[in-house]
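**Q** Sequence and predicted structure are below.
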Amino acid sequence: MSSAQRKQKLTELIAEYSQFKKQGKLDLTSEETIRTWLNELLEIFDWDVRDTSQILQEKVLSKTEKERLKEIGS
C-alpha cells in the first residue's frame, strides 16, 4: 500500500470514528467494534493482526513484580 493510500484509509477511518462518536454511539460500542477499528488501524500500517507470529505473548509477573507495581501505583 502506498503512502497516499495509507493516508486516505486513515482519513476514512478517522471520519467513520468521528461520525460514530458525534452520533453518541461510542458509549454503547461493544468491545468487538472497537477491536475492528483497531484492527483496521493496524492493517493500514501493514500489521497483519491474524498473524500470531507478530504478537508477543503476555508476560506472567512474579509475586515480587506484582508487589512492586502495586507499590508504585501501576
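**A** Yep, it's here.

**Q** now the top helix by length along the chain, how far from the centre of its chain.
**A** Using DSSP state H, we find that the single longest helix of the chain is helix 3-22. Distance, stretch centre to chain centre, for helix 3-22: 14 Å (CA atoms, centre = their mean, to the nearest Å).

**Q** Give me the mean pLDDT for that helix.
**A** Model confidence over helix 3-22 averages 91 on the pLDDT scale.

**Q** And the helices in the protein?
**A** Under DSSP H, the chain gives helices at 3-22, 31-44, 63-71.

**Q** Buried ones in the second one, by neighbour count?
**A** Counting neighbours by 16 or more other CB atoms under 10 Å, one finds that the buried residues in helix 31-44 are 40-41, 44. For the C-beta atoms, the positions are set from N, CA and C on the backbone; glycine is no exception.

**Q** who does it touch, helix- and strand-wise?
**A** Judged by 3 or more CB pairs under 8 Å, 6 or more residues apart in numbering; DSSP states H and E, helix 31-44 is in contact with helix 3-22.

**Q** can I get the CA coordinates of the helix it packs on in PDB?
**A** Extracted C-alpha coordinates of helix 3-22, given in PDB (Å, rounded to 0.1, in the frame of the first residue of the first chain):
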ATOM      1  CA  SER A   3       1.800   6.300   1.400                       C
ATOM      2  CA  ALA A   4      -1.100   8.100  -0.200                       C
ATOM      3  CA  GLN A   5      -3.400   5.000   0.100                       C
ATOM      4  CA  ARG A   6      -2.500   4.700   3.800                       C
ATOM      5  CA  LYS A   7      -3.200   8.400   4.400                       C
ATOM      6  CA  GLN A   8      -6.600   8.000   2.600                       C
ATOM      7  CA  LYS A   9      -7.600   4.900   4.500                       C
ATOM      8  CA  LEU A  10      -6.500   6.500   7.800                       C
ATOM      9  CA  THR A  11      -8.600   9.700   6.900                       C
ATOM     10  CA  GLU A  12     -11.600   7.500   6.200                       C
ATOM     11  CA  LEU A  13     -11.200   5.500   9.400                       C
ATOM     12  CA  ILE A  14     -10.900   8.700  11.500                       C
ATOM     13  CA  ALA A  15     -14.000  10.200   9.700                       C
ATOM     14  CA  GLU A  16     -16.000   7.000  10.500                       C
ATOM     15  CA  TYR A  17     -15.000   7.000  14.100                       C
ATOM     16  CA  SER A  18     -15.700  10.800  14.400                       C
ATOM     17  CA  GLN A  19     -19.200  10.300  13.000                       C
ATOM     18  CA  PHE A  20     -19.900   7.400  15.300                       C
ATOM     19  CA  LYS A  21     -18.800   9.500  18.300                       C
ATOM     20  CA  LYS A  22     -20.800  12.500  17.100                       C
END
